[in-house]
Every structure is written in structure tokens, then in C-alpha cells.
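K.L.:
Any chance you can model this:
(one chain, ligands or ions: 2)
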Amino acid sequence: MALKICSIASGSSGNCIYVGTDDVNLLVDSGISGKKVELGLSNIGVNPNTIDGILITHEHSDHIRGVGVLARRYKIPIYTTKKTWEAMLDYKPIGKIPTDLFMGIYPDEDYAIKDIIIQPFKSFHDAIDPVCYTFRNKDKKISIATDIGCYDEYIVEKLYGSNVLFIEANHDVKLLEVGKYPYYLKKRILSDIGHLSNEKSGELISTLYNETLSHVILGHLSQENNFPELAYESVKTVLLNYPHIELDNLNISVASRNNNSELVVVV
Ligand SMILES: [Zn+2]
Ligand SMILES: [Zn+2]
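P.N.:
Ligands and ions are numbered 1, 2, ... in the order given. Presented below is the predicted three-dimensional model:
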């Protein structure tokens, strides 16, 4: 029973990630249209009727835009914290979501959804109550950490021991600094409650590296202040500073903005 992950869309324009086993199918966020999610799922042979839950990280529109449509159409339970649920409902474009679909969760608690144990954990980001998630099945672990402005020992502890890490590499600091974003936005992105830069992402991966880590997927790239080759090379350059990291045994990829990324299966 292998754990699987496939990014359906990733970036500041919309996020949705599939995680599952042969028995359970989950989505993390749904910040793209219901139609795009259905297409992404059909590309990996998953029927939307079999989705067991949508796990929400936070209420920013690039993470929740498509939640209402999917939840109503397929009656999918929505796992999130109470504060995020309330903030989501304030975002009018997602429409009404039946209250009985809300599954309240708390950071640092384990929740079994069939044969996957999910654990939300707190992150630093400028949302009402942001969380990230780890997924465990037997001795395998996949972690997703995007929209984190920085990390501390707590976050490192949560992510440690993963076989697959889906990590934000949002921007190149120099591109952001010289780019056309207004000053307040630059300041927000660079702050400890904004997003991880390529370099910080590399440093976090170096801290988390051990021999169980086989795949790193870089995601949530900024459209304005990053591009896939740059994110990949920047992270690799950071990792090259650490002789204990066996880059030949580490598969590093970049999640596509609008299309399915490779389906990574952990066995
Ligand atoms: Zn956000
Ligand atoms: Zn985001």
C-alpha cells in the first residue's frame, strides 16, 4: 500500500495537491477551478467521487478558490481549523458550503482518514490560522510545507523523516528586489510571515536531509519573481555546500504551475 503524491497545480496562481494510497484519496487545497481539479485527477486515474477529503492549509484565495464547487458537487468533507473555516466562508466566490462537511482539526493532533494518518502543524504565514500537513502510511511519510515565511525547530521536527518533501521555493530574492512589485508587497513576501525564498528552501531541505529522503518537490513558485530552472539550480547550489548530502540519490523536481507534475510513489 504505497503513499502517492501528485501536484495538480502549484504557484501563486493556484494550488492543489493530490495525496493518496490505493484506499484513500485526498486533496490539499483547491485554489484552482473545479474543472481543472477534475482534469488533473482524471490524468492520474482518480475519480473525484472517491475523494475522501480536502485538507485546507489557509484561507488565501490561491488555496480555496475551487473548494466550494468540489465540496458541493461531490460532498467532500473539508478538514481545516475552525478559524480558517470561518475565514473561508467570508470569501464570497466560494459560495455556500454545507456545514456538515466541515471536519474541525487542531494542529499537532493525528487524524486517521482510512489508512493515512494526517497531522496538521502550525506555520508562520500571514493568514488567520495557517497549517501544513504530514501524511503517514505504515513507515512512510510525505510532507507538504508551502506558504511558510520561515521555519523553526518545531517545523523541522514535524517535517523530519519524510520520504517525500513538497517544499515551497517561492522567489529569488534578487529578482523580487528589482522586480515591479510595490514596496509593501516585497516587504510582505520577504518577511517571516511571507514565503520561503529559493535559498531558504535549500537551507530547510539541508536541515531535513537524511537517507530516508528520496524526493524533493519544489512548489509554490512566484510567477513574477522566480522560474523553474532558477529555483532548481538555486536549491541545488545550497545543497552542494553540504558534503553529507548525496545529491545523486535525491530526486529534485519542480511542480508545474498549471499541469500535473510527476506522480511520485513511495514504496
Ligand atoms: Zn498564502
Ligand atoms: Zn499560497
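K.L.:
Ramachandran coordinates for residue 111?
P.N.:
phi -130, psi 130 (degrees, to the nearest 10).
K.L.:
isn't it right up against residue 79?
P.N.:
Yes: taking Cβ atoms under 8 Å as the definition, residue 111 is a contact partner of residue 79 at 7.2 Å. Any C-beta I mention is one placed from the backbone N, CA and C, and that applies to glycine too.
K.L.:
Who has more neighbours out of those two?
P.N.:
Between residue 111 and residue 79, counted using other Cβ atoms under 10 Å, residue 79 has the larger neighbour count: 25 against 16.
K.L.:
any idea how far the strand or helix carrying residue 238 is from the chain center?
P.N.:
For residue 238, the host element (DSSP states H and E) is helix 228-240. Mean-position distance between helix 228-240 and its chain equals 19 Å (Cα atoms, centre = their mean, to the nearest Å).
K.L.:
Contact residues of the stretch 51-200 of the chain facing ligand 1?
P.N.:
With the criterion set to Cβ under 5 Å from the ion, the stretch 51-200 of the chain comes near ligand 1 through 60, 147.
K.L.:
intersection of neighbour lists for residue 111 and residue 79?
P.N.:
Common contact partners of residue 111 and residue 79 (Cβ atoms under 8 Å, 6 or more residues apart in numbering): 105, 118.
K.L.:
so where do the helices sit in the protein?
P.N.:
Assigned by DSSP state H, the chain shows helices spanning 34-43, 61-64, 67-74, 82-89, 153-159, 173-178, 183-190, 198-208, 228-240.
K.L.:
Nearest to ligand 2, out of those?
P.N.:
Across those, ligand 2 has its closest neighbour in helix 61-64 (4.4 Å, Cβ to the ion).
K.L.:
May I have that closest one as PDB, with CA atoms only?
P.N.:
Extracted C-alpha coordinates of helix 61-64, given in PDB (Å, rounded to 0.1, in the frame of the first residue of the first chain):
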ATOM      1  CA  SER A  61      -7.700  32.600  -2.500                       C
ATOM      2  CA  ASP A  62      -4.900  30.700  -4.300                       C
ATOM      3  CA  HIS A  63      -5.700  27.800  -1.900                       C
ATOM      4  CA  ILE A  64      -9.500  27.800  -1.600                       C
END
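K.L.:
Can you mark which positions in it are buried?
P.N.:
Using 16 or more other Cβ atoms under 10 Å as the test for burial, helix 61-64 gives 62, 63, 64.
K.L.:
just the residues you listed now: which is nearest residue 148?
P.N.:
residue 63 (13.1 Å; Cβ to Cβ).
K.L.:
The closest one: what's it in contact with?
P.N.:
Counting by Cβ under 8 Å, 6+ apart, residue 63 makes contact with 15, 29, 30, 31, 56, 57, 147.
K.L.:
In a markdown table: the buried residues of helix 61-64, plus pLDDT and distance to ligand 2.
P.N.:
Formatted as a markdown table, the buried residues of helix 61-64 follow (pLDDT from 0 to 100; distance: Cβ to the ion, whole Å):
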| residue | pLDDT | distance to ligand 2 |
| --- | --- | --- |
| 62 | 96 | 4 |
| 63 | 98 | 6 |
| 64 | 98 | 10 |
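K.L.:
Against residue 167, how distant is the residue of the stretch 101-250 of the chain found nearest ligand 2?
P.N.:
Of all residues in the stretch 101-250 of the chain, residue 147 sits closest to ligand 2, with a separation of 4.5 Å (Cβ to the ion). Separation of residue 147 from residue 167 (Cβ to Cβ, to the nearest Å): 11 Å.
K.L.:
and what of residue 193?
P.N.:
In this view, residue 193 and residue 167 are 17 Å apart by Cβ to Cβ.
K.L.:
what about the two, which has more around it?
P.N.:
When neighbours are counted by other Cβ under 10 Å, residue 193 and residue 167 differ, and residue 167 comes out ahead with 27 against 16.
K.L.:
Please report phi then psi for the residue nearest to the residue of the stretch 101-250 of the chain closest to ligand 2 when sequence neighbours are not counted.
P.N.:
Nearest residue to residue 147, sequence neighbours excluded (Cβ to Cβ, 6 or more residues apart in numbering): residue 125, at 4.7 Å. In terms of degrees, to the nearest 10, the main-chain angles of residue 125 are phi -160, psi 150.
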